[in-house]
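J.: any chance you could fold what I've pasted below:
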Amino acid sequence: MNTRERFIETMVNRNPNVKTLKWEFGYWGGTINNWYQEGLPKKNYAQIPSEYTDITNSVYTYAWRADNKYISPGEYPNGYALSGGNIYMPSQGFAIDNDVRDCFGLDKIMMRVNVNLFFDPIFEPKTLFESDEKLEYTDVDGARRIYLKESATIPTTFDCPIKDWESWEKIKEERLSTKNIKSRFPNNWESVFEGYRNRDYPLVLGGYPFGVFGALAHLLGYERLFYAYHDDPKLIHDMLHTFTELWIAVFEEALRYTTVDAAQIWEDISFGNGCMISKHLMNEFIKPYYQRLVSFFKSKGIEAIFVDTDGDCWDIIPFFLECGVTGMFPFESDCKMDVAAVRKKYPDLMMCGGIPKSQISWGKARIDLLLDAAAPVIKAGRYIPFADHFIPPEVHFEDFKYYREKLNAMIDGSV
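T.: As a prediction, the model looks like this:
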C-alpha cells in the first residue's frame with residue numbers, strides 16, 4: 001500500500017492489518033542545522049520557497065528570505081520549520097524535508113489542496129525598516145511584523161490588518177469576493193489538480209490559518225479578538241459568516257476537480273492550562289460555524305476531520321466531537337496530554353503525535369520508556385505516533401536516530 005492508502009486504512013477504516021504511518025510533525029531549522037553537523041547526510045537540501053502566492057503558502061516567507069549575517073549559506077533560520085509528514089504543505093514558507101525522511105525511510109508527507117482561502121489579492125510584502133539586527137515589514141496578510149535576525153524565530157506581529165468595522169469592511173469588499181473563485185486557484189491549476197488524481201499521499205482541505213478561532217486570532221490578534229467577543233460580537237459573527245461562505249465556495253469549486261482524504265482545521269485554541277476561551281464563547285462563536293463546515297465536509301464524503309491545537313485540550317475534546325470532528329493533534333505532553341489516557345477515554349478519536357519531543361534528548365533509557373508507553377496506543381489503531389511538535393535543537397541527531405529507528409521497528413512489527 002502507498003501512503004495515502006495506509007492513511008485511509010489506518011485512520012478512517014481502522015484496519016488492524018495495516019501498519020500506521022511513519023511521520024514526524026516536523027523540525028525546527030536550528031535542529032536541522034545541528035543534525036547536518038552531527039551526521040545527518042546532506043543529500044537533498046530543501047530550499048526556502050521564493051514565491052508569494054497566498055497567506056497559507058507564503059506568510060512569513062519575506063522574513064525567512066531576508067539577508068541575515070547570522071545565518072551561514074546552507075543553513076536555515078532557527079525558527080524556520082520543515083515538514084516531517086503531518087504538517088500539510090505548502091504552508092507558511094516552510095520546506096518539505098527530504099534528508100531526514102530519506103535517512104529513516106519515512107512516508108510521503110500530507111499535501112493540502114493549493115487554493116487561496118483568504119485575501120485575493122494578497123498584500124504586497126514590503127520592507128518598512130531594515131538593519132543588520134531586524135526587519136520590519138508588511139506581510140502578505142497585511143500585518144506589520146518585526147523579525148529579529150539573530151534569534152531568527154517566527155516574526156512578531158505589531159499591527160494587524162483588521163482592527164474594527166471600517167478596516168473589516170474595506171478588506172471584505174476588496175479582497176474577499178466569491179465572484180471569481182478560479183482566481184483563488186494556482187496559475188497552473190489544471191496541471192496541479194491533474195497531479196492530485198493519481199496521488200500516493202494524503203490530500204487535505206484547509207491549512208494554516210484556516211480555523212474558526214484561529215483565522216480571527218491571526219487577522220485580529222489575540223487581544224483584540226478577546227475584547228471583540230464581548231464588545232462587538234456582531235463584527236465577529238460577520239467575519240465568521242463571511243469566511244465560512246468563502247471557504248465553502250472555494251472548497252466546493254475545488255472538489256469539482258479532485259477528491260480529498262481529510263480536512264485540517266488550525267485553531268491553536270489551547271495553551272498550557274486549558275482552552276483560551278470559555279465554553280459559553282465556544283458555543284456562541286465556534287459551534288455554529290463548525291456545524292456548517294463539518295456538515296459540508298461530510299456531505300462530500302470526507303470522513304477524517306482534524307483539529308490542530310497545541311496546549312491542554314482535554315476539556316474541549318468533547319466539544320469538538322459534538323461538532324463532528326473526528327481527530328486531533330499534536331497532543332503536547334508538557335501540557336498534560338497523554339495519548340494513552342486520551343485513547344482510553346475516547347476510543348474512536350483519530351490521533352497524531354503525543355511523544356514528548358524534548359525528552360528524546362534525555363537518552364536511550366528515557367526513549368525506551370516513551371515508546372513503551374506508546375506501544376499499546378499504536379496497537380489500538382487510529383494513531384500516527386511522532387513527537388508532539390517540531391523537534392527542538394536540544395535533541396541531538398544520535399538520540400533522534402535511536403528514537404526514530406526504534407519507533408520504525410515498532411510500527412513494522414505492529415501488525
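J.: give me the residue at the spatial middle of this protein.
T.: The centroid of the chain falls nearest to Ile87 when counting by Cα atoms, centre = their mean (4.9 Å).
J.: what's the distance between that residue and Lys287?
T.: Distance of Ile87 to Lys287, given as Cβ to Cβ, to the nearest Å: 27 Å. Every residue, glycine included, has its C-beta placed from N, CA and C.
J.: thinking again about what came up before, contact partners for the residue nearest to the centre of the chain?
T.: Contact partners of Ile87, counting by Cβ atoms under 8 Å, 6 or more residues apart in numbering, are Phe25, Gly26, Ala81, Phe94, Ile109, Met110.
J.: kindly export the one helix or strand Val377 maps to (C-alpha atoms) in PDB.
T.: According to DSSP states H and E, Val377 maps onto helix 364-380. Provided in PDB are the C-alpha atoms of helix 364-380 (Å, rounded to 0.1, in the frame of the first residue of the first chain):
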ATOM      1  CA  LYS A 364      18.100   5.800  25.400                       C
ATOM      2  CA  ALA A 365      16.600   4.800  28.700                       C
ATOM      3  CA  ARG A 366      14.000   7.600  28.600                       C
ATOM      4  CA  ILE A 367      13.300   7.000  24.900                       C
ATOM      5  CA  ASP A 368      12.600   3.300  25.700                       C
ATOM      6  CA  LEU A 369      10.000   4.400  28.300                       C
ATOM      7  CA  LEU A 370       8.400   6.900  26.000                       C
ATOM      8  CA  LEU A 371       8.000   4.300  23.200                       C
ATOM      9  CA  ASP A 372       6.900   1.500  25.500                       C
ATOM     10  CA  ALA A 373       4.100   3.800  26.700                       C
ATOM     11  CA  ALA A 374       3.100   4.500  23.100                       C
ATOM     12  CA  ALA A 375       3.100   0.800  22.000                       C
ATOM     13  CA  PRO A 376      -0.500   0.000  23.200                       C
ATOM     14  CA  VAL A 377      -1.900   3.100  21.600                       C
ATOM     15  CA  ILE A 378      -0.200   2.100  18.300                       C
ATOM     16  CA  LYS A 379      -1.800  -1.300  18.500                       C
ATOM     17  CA  ALA A 380      -5.200   0.100  19.300                       C
END
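J.: I'd like to know which elements it is packed against.
T.: Judged by 3 or more Cβ pairs under 8 Å, 6 or more residues apart in numbering; DSSP states H and E, the packing partners of helix 364-380 are helix 339-345, strand 350-355, strand 383-387, helix 397-412.
J.: what number of residues lie near Tyr289?
T.: 19 (other Cβ atoms under 10 Å).
J.: tell me the buried residues in whichever strand or helix holds it?
T.: Assessed by DSSP H and E, Tyr289 sits inside helix 287-299. Neighbour-count burial for helix 287-299, counted by 16 or more other Cβ atoms under 10 Å, picks out Pro288, Tyr289, Tyr290, Arg292, Leu293, Val294, Phe296, Phe297.
J.: out of those, flag the one nearest to Met337.
T.: Tyr290 (20.9 Å; Cβ to Cβ).
J.: hmm, Ile316 and the closest one touching each other?
T.: No. Applying Cβ atoms under 8 Å as the test, Tyr290 and Ile316 come out as separate, 11.5 Å apart.
J.: quick revisit: and the helices and strands packed on helix 364-380 as CSV, adding distance to Val260 and mean neighbour count?
T.: Putting those into CSV (distance: least, Cβ to Cβ, whole Å; neighbours: other Cβ atoms under 10 Å) gives the following:
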stretch, distance to Val260, mean neighbour count
helix 339-345, 25, 16
strand 350-355, 15, 25
strand 383-387, 18, 27
helix 397-412, 25, 18
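J.: and the ones you listed as JSON lines, adding distance to Val115 and mean pLDDT?
T.: Compiled in JSON lines, those are given as follows (distance: least, Cβ to Cβ, whole Å; pLDDT from 0 to 100):
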{"stretch": "helix 339-345", "distance to Val115": "32", "mean pLDDT": "98"}
{"stretch": "strand 350-355", "distance to Val115": "23", "mean pLDDT": "98"}
{"stretch": "strand 383-387", "distance to Val115": "25", "mean pLDDT": "98"}
{"stretch": "helix 397-412", "distance to Val115": "33", "mean pLDDT": "98"}
